[in-house]
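A.B. asks: below: sequence and its predicted model.
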Amino acid sequence: MKVVNSAHAGTLESSDAYIQINPINEDIVEIELESSVEELYGEMIEELIRETLKQMEVSHVHVKIQDKGALDLVLKARLQAAVLRACQLSRNPDWSLL
Amino acid sequence: MESSIEFSQFNSTNVRRVRRVKEFLKKNQLELSTDIELFVVGKEDDNIIACGGVAGKVLKSIAVAKERRGEGIILKLMTELLNAAYNNNQNELFLFSTPNNIEFFRDCGFHLIEECDGEVMLMENSKNLQNYQKKLTKLKKDGDVIGSIVMNANPFTLGHRYLVEEASKRSDWLHLFVVREDASEFKFADRIELIKKGTSHLKNVTIHEGSDYIISKATFPTYFIKDKGMINELHAKLDLNIFRNQLAPYLGITHRFVGTEPYCKVTNNYNQNMKKILADKQSKFQPIEVVEIPRIEFENQAISASRVRKLLQEKNYEELKSIVPPSTYEFLIKNRTLSL
């Protein structure tokens, strides 16, 4: 999937995460993570983000995550929503990649 | 507890709703910023309990009703404000508030740029300042006297040229920052071009494109409406603190040069604050010496950009010619149809 514009999903409230996606020129995934549970789960969250993006075949992105202790499935759902919006596919997603 | 707060957005043209926001802010000891384009308001039973505004890439006038603090409403409000700004394609944001609120906004992804007198602070949610500082470090020059000038040059006059020449003479190296914001009569691209042309004979000068951190709508919003005499002293001080603490150290700046200001009270006041803040020896940062250079005059009247703009309006090209460098004159004549 190709990211064509900036997009965001989520909220800043407790147990949720606010995720923002921006397209960049380089063929990499740049992650900027701030989390209330960073010391404990920072690496795991990054891993989850990378894994999810790989599954969706997404690169050339800067992902900014403001995490408020969201569970994995919440993070994943927020990320998928943001990516689909950034690819302008939120009305018609490729379910096989989710 | 299920919250029944409903958030809505409206823009500044909605006079009736803006008035209600103003009243709400007043109750919370806050003033309504005049440059806000978009408001976000949280209401419960038709009472405003939270509000905030978006002015370009700056979030400001953010408040939660006193009796409702501590419930996390700020997080809902900030979510709405971020959504509003992002939907306007503003991805890298600044935020104005008072320093006692710093922790709330840290939780929302913002970090402090600078604060002033415990009364006002500026934050951002990008790494732009860091990147800018890295860029400045690469442009650092050695020397005992590293001078600096910040100018809008709207447009570049003989007065500006004299100031730059004097500063260049007294410095080993001179860093000249051009205000970047396109909020003046002359466009940034034209202003910097005329400065470059008018100072090309000086060999120890770096001309920097300004940034959000030097007299911009983010650091110093009231500068751009100074004709109305509405400059906010706190904003002026904040801008100077950023210059001293966040920018000057990366270039090793030791001096700041500025023209004396005989007419405009507001600018003169800024100059006086500059001396107080930049030269402050109590600060943990290196003090910067402020050097005021007397303005040059033409026919007993100080040369200023506002005079140039006035002469342009009056189509007095003869007098105009004697107070601007040839390169500026040529530009003005070529673009004479430019509506001022």
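C.D. replies: Sure, I can see it.
A.B. asks: could you dump stretch A:45-58 to CSV, C-alpha only?
C.D. replies: Output of stretch A:45-58 as CSV, limited to C-alpha atoms (Å, rounded to 0.1, in the frame of the first residue of the first chain):
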residue,chain,number,x,y,z
ILE,A,45,5.4,-1.5,20.8
GLU,A,46,8.0,-0.7,18.2
GLU,A,47,8.1,-4.3,17.1
LEU,A,48,4.3,-4.4,16.8
ILE,A,49,4.3,-1.2,14.7
ARG,A,50,7.0,-2.6,12.4
GLU,A,51,5.3,-6.0,12.1
THR,A,52,1.9,-4.4,11.3
LEU,A,53,3.3,-2.1,8.7
LYS,A,54,5.2,-5.0,7.1
GLN,A,55,2.0,-7.0,6.9
MET,A,56,0.3,-4.1,5.2
GLU,A,57,3.3,-3.6,2.8
VAL,A,58,3.8,-0.1,3.9
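A.B. asks: and it, what's buried?
C.D. replies: A:45, A:46, A:48, A:49, A:52, A:53, A:56, A:58 (16 or more other C-beta atoms under 10 Å in any protein chain shown). C-beta coordinates here come from the backbone N, C-alpha and C atoms, glycine included.
A.B. asks: what residues does it touch?
C.D. replies: Outside of stretch A:45-58, the residues within contact range by C-beta atoms under 8 Å, 6 or more residues apart in numbering or on different chains are A:1, A:3, A:29, A:31, A:33, A:35, A:38, A:59, A:61, A:63, A:65, A:67, A:72, A:75-76, A:79-80, A:83, A:87, A:97-98.
A.B. asks: ok, 10 Å please
C.D. replies: The contact list for stretch A:45-58 (C-beta atoms under 10 Å, 6 or more residues apart in numbering or on different chains) reads A:1-3, A:17, A:19, A:21, A:29, A:31, A:33, A:35, A:37-38, A:41, A:59, A:61, A:63, A:65, A:67, A:70, A:72-73, A:75-77, A:79-80, A:83-84, A:86-87, A:89, A:93-94, A:96-98.
A.B. asks: mind checking which of these are in helices?
C.D. replies: If you go by DSSP state H, the contacts of stretch A:45-58 have A:38, A:41, A:72, A:73, A:75, A:76, A:77, A:79, A:80, A:83, A:84, A:86 in helices.
A.B. asks: of those, buried ones?
C.D. replies: The neighbour count (16+ other C-beta under 10 Å) marks A:41, A:75, A:76, A:77, A:79, A:80, A:83, A:84, A:86 as buried among the ones in helices among the contacts of stretch A:45-58.
A.B. asks: which helix or which strand is home to residue B:115?
C.D. replies: Assessed by DSSP states H and E, residue B:115 sits inside strand B:111-116.
A.B. asks: swap that for residue B:192, sorry
C.D. replies: helix B:188-198.
A.B. asks: that helix packs against which elements?
C.D. replies: Using 3 or more C-beta pairs under 10 Å, 6 or more residues apart in numbering or on different chains; DSSP states H and E as the contact test, the elements touching helix B:188-198 are strand B:146-151, helix B:158-170, strand B:173-178, strand B:205-209, helix B:326-334.
A.B. asks: that helix versus strand B:146-151: what angle between them?
C.D. replies: In terms of direction (axes from the mean of the first three to the mean of the last three C-alpha atoms, to 10 degrees), helix B:188-198 departs from strand B:146-151 by 130 degrees.
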